[in-house]
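Undergrad: Pasted the sequence and its predicted model underneath.
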Amino acid sequence: MHLRRQHALFIAQTGAFTAFLAAGSWISIPFIPVPLTLQTLFLFLAGGIMGRYAVAPVSLYLVMGAMNLPVFHSGTAGIGVFLGPTGGYLVGFLPAALLSGLGFERSSWLPRCAGMAAGLTSLYACGVVWLSLSSGLTLPVAILLGAVPFLPGDILKAAVAYTVTGRIARLKGRSNPPNTCQGSGGER
């Protein structure tokens with residue numbers, strides 16, 4: 001009985017976070033060369049709630065977009081999006097979900113924050129490298145255009161996701177993470 005409940009919960013969470021990722025892509029601010037969306041917020045929330053299994057909704061989201069369902073930014077879809085300037089960021093969602101999820105499987109604030117930082121780093125690495133290759137930009141220019149302007153917002157989204165997942169964990173009676181990723185050994 002317990003296994004069926006876990007399976008049902010996994011399916012429900014996968015469906016919900018797939019829908020959140022799609023909805024987050026529609027909440028888009030046009031930016032050149034990559035739009036600003038809320039997808040990273042939902043990616044980190046999935047990692048915080050589902051752990052390493054956050055790769056399931058991300059994979060489903062990517063497959064849906066590849067199958068021409070309009071789930072990518074501003075309703076775009078298809079394999080062509082993967083080949084365009086945002087394709088590397090989309091592919092980078094997979095390691096970002098895995099790394100942030102692995103971090104959240106720990107109860108301490110340090111591995112959780114390290115997991116989100118590693119996830120964000122992998123997301124940017126995939127995205128910036130592909131942006132450079134697909135658009136002919138040099139790597140430093142691709143970093144300036146495809147990472148630097150988005151860092152403050154993504155750090156804010158990661159902090160919001162950390163706080164929200166901490167509150168959810170407390171409601172469920174799980175471990176009690178601190179409300180901040182900062183600190184010098186002490187918790188708040």
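TA: Nice, I can see it.
Undergrad: For Val63, the count of nearby residues, please.
TA: 12 (other Cβ atoms under 10 Å). No exception for glycine: its C-beta is placed from N, CA and C like everyone else's.
Undergrad: So it, which state does it fall into?
TA: Secondary structure for Val63, judged by DSSP: H, G, I helix; E, B strand; the rest coil, is helix.
Undergrad: For Thr14, see how far away it is.
TA: 12 Å (Cβ to Cβ, to the nearest Å).
Undergrad: Gly75 too?
TA: The gap separating Gly75 from Thr14 is 22 Å, by Cβ to Cβ.
Undergrad: do Lys172 as well
TA: Plainly put, Lys172 is 18 Å away from Thr14 if you go by Cβ to Cβ.
Undergrad: Ala96 too?
TA: From Ala96 over to Thr14 the distance is 17 Å, taken as Cβ to Cβ.
Undergrad: what do you get for Phe44?
TA: Following Cβ to Cβ, the distance that separates Phe44 from Thr14 is 16 Å.
Undergrad: Would you map the strands across this structure?
TA: Along the chain, the segments classed as strands by DSSP state E run 28-29, 36-37.
Undergrad: Including mean pLDDT, could these go into a markdown table?
TA: Converted to a markdown table, the strands of the chain look like this (pLDDT from 0 to 100):
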| stretch | mean pLDDT |
| --- | --- |
| strand 28-29 | 78 |
| strand 36-37 | 83 |
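Undergrad: Pull the contacting residues for the residue nearest to Phe93 when sequence neighbours are not counted.
TA: Leaving aside its chain neighbours, Phe93 sits nearest to Val58 (4.7 Å; criterion: Cβ to Cβ, 6 or more residues apart in numbering). Listed by Cβ atoms under 8 Å, 6 or more residues apart in numbering, the contact partners of Val58 are 17, 21, 43, 46, 93-94, 97.
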